[in-house]
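> sequence and predicted structure, then a few things I'm wondering about:
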Amino acid sequence: MDIPTRPSAVVRMGKDGKKAPRPVKVSFPTPIDARIFLSKAEELKNDANESITRIRCRDPAEAQKSNCTIVKRICCKIGKLILATDVYNHALNEQSQDQPLMIENDTVETTAAAEGEERARNSSPEPSSSNVANERWISACMMNCQSVGNKALTIKDYTVEHDFDCVFLTETWLTSTRQRICGDLTPTGYKLRALNRKEKRGGGVAVLHKSNIRVDEVKDLTTDSLEGLEVTISSTRSVRILLLYRLKVSVSNPRDAFLNDLQDILECLIVKPKSFIILGDFNIHWDVEADRERMKLLDMAEAFQLVQHVTGATHRDGHTIDLILSRDGDNLVADAFHGLQISDHRAVHFSINAAKPHPPRKKITFRKLRNVVQVALKRDLR
């Protein structure tokens, strides 16, 4: 079981020698990390090849008292120590985290550990050294909001919690009259570049980025079949990023129109020198190999030498419809994984192979309190 969050503690419950599967208690430092883990565990619970049979969460009120969130009991029918082993191994591999991992009452047998390592290797192949994101790469997130109106503060907190450099939003439902929501959505130190739908309700795409990230050449790509925004991120390398949202099929927007428009966009991009990423809500079931649109998109990707980076369900119906495409060999995208389910879509985290700018330097002036003349201070405060 591969999870994108780091637990603060993994504890095997119960006594040795019991025939019944022994539960595993997993603790996380923040509620968001726990929810991400839960969403992954819930998916695996429905998989016949996995050993998770029951999940229970600690009461949020109790978790708040102890300043942590705990996934209390995860019972396994077979390989009862595999889950604890996999979580432990994943945590050890997280080099970017400074806090130590605490393992309590851990008495993992050698055979179970070996079985767990083999299972982890089979479920997710080891990334090659050329595709592992450096901590200096730009951290990014893509999410379909299905209206930011009632989720602005949630998205804002999620952005700050994970310290994303760029967040790509589809279905914002923003309009030019909803400036207050734009303010609620934008954290301090960030800028919002939005393309709003002018005539009808819904739709809209936006890019939320840190102020020290240089974003140029904002271009509207909207056609009858899609809403799109093209931006260029300039760092150690210039990267074109095209954020797309496919519109619903209608009389004026036949089913084939989206892929035809996408091909026109690719034909223009492929002759330009800059590397590029195309991402967004394609509304194509990438996980269904027999899907006609999926086969057409795959043929197009092979023709333009593109690779698709997102795996697993991104929609609550169980399909992969939020995609990230980049040119094969550019080593431009790494570490794509699912995050929190903000709407009916899951957020997708990933890294962009472009160096983060150095944090801006601030000049702070202050004076010593002992040098303050109290009489003058009182006079100024009146």
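All right, it came through fine. Note that the coordinates shown come from a computational prediction; the quantities given were computed from them, not determined experimentally.
> mind giving me the packing neighbours of whichever helix or strand residue 294 is part of?
Assigned by DSSP states H and E, residue 294 falls within helix 292-303. Other helices and strands packing on helix 292-303, by 3 or more Cβ pairs under 8 Å, 6 or more residues apart in numbering; DSSP states H and E, are helix 257-269, strand 306-308. For every residue, glycine as well, the C-beta is placed using N, CA and C.
> residue 181 is nearest to which of those?
For these, proximity to residue 181 was assessed by Cβ to Cβ; helix 257-269 is nearest, at 28.1 Å.
> mind listing what's buried along the closest one?
Under the neighbour-count criterion of 16 or more other Cβ atoms under 10 Å, helix 257-269 has 257-259, 261-262, 265-266, 269 buried.
> for stretch 228-248, same thing?
228-233, 235, 238-247.
> among these, name the ones in strands.
228-233, 238-246 (DSSP state E).
> where exactly do the helices run in the protein?
31-45, 60-65, 82-93, 110-123, 152-162, 179-185, 257-269, 292-303, 374-381 (DSSP state H).
> which residues touch stretch 246-259?
For stretch 246-259, the surrounding residues in contact (Cβ atoms under 8 Å, 6 or more residues apart in numbering) are 203, 223-227, 280-284, 293, 296-297, 300.
> between the residues you listed, which is nearest residue 137?
Taking these together and measuring to residue 137 by Cβ to Cβ, the closest member is residue 280, at 20.4 Å.
> contacting residues around that closest one?
142, 168, 170, 205, 228, 242-246, 322-323.
> can you do 6 Å?
The contact partners of residue 280, taken as Cβ atoms under 6 Å, 6 or more residues apart in numbering, are 170, 243-245.
> just put those in TSV and tack on pLDDT and distance to residue 328.
Below are the contacts of residue 280 laid out as TSV (pLDDT from 0 to 100; distance: Cβ to Cβ, whole Å):
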residue	pLDDT	distance to residue 328
170	96	24
243	97	21
244	97	19
245	97	25
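> for these, which one is nearest residue 346?
Nearest to residue 346 among those, with distances taken as Cβ to Cβ, is residue 170, at 12.9 Å.
> and that closest one, what does it touch?
144, 205, 245, 280-281.
> quick check: beta-bridge partners of it?
Per DSSP bridges, the residues bridged to residue 170 are residue 144, residue 205.
> could you check how far it is from residue 344?
From residue 170 over to residue 344 the distance is 12 Å, taken as Cβ to Cβ, to the nearest Å.
> what does residue 248 give?
Counting by Cβ to Cβ, the gap from residue 248 to residue 344 is 15 Å.
> go on, residue 137?
For residue 137, the distance to residue 344 - Cβ to Cβ - is 29 Å.
> these two: which is more packed in?
Neighbours were counted for residue 137 and for residue 344 using other Cβ atoms under 10 Å; residue 137 has more, 21 against 12.
> wait, what's in contact with the residue lying closest to the more buried one once chain neighbours are set aside?
For residue 137, ignoring the flanking residues on the chain, the nearest one in space by Cβ to Cβ, 6 or more residues apart in numbering is residue 351 at 4.4 Å. By Cβ under 6 Å, 6+ apart, the contact list for residue 351 reads 133, 137, 139, 334-335.
> what about those, which are in strands?
137, 139, 334-335.
> by pLDDT, give me the weakest of these.
Minimum pLDDT across the ones in strands among the contacts of residue 351 is recorded for residue 335, with 87.
> burial of that one, as a residue count?
Neighbours around residue 335, by other Cβ under 10 Å: 15.
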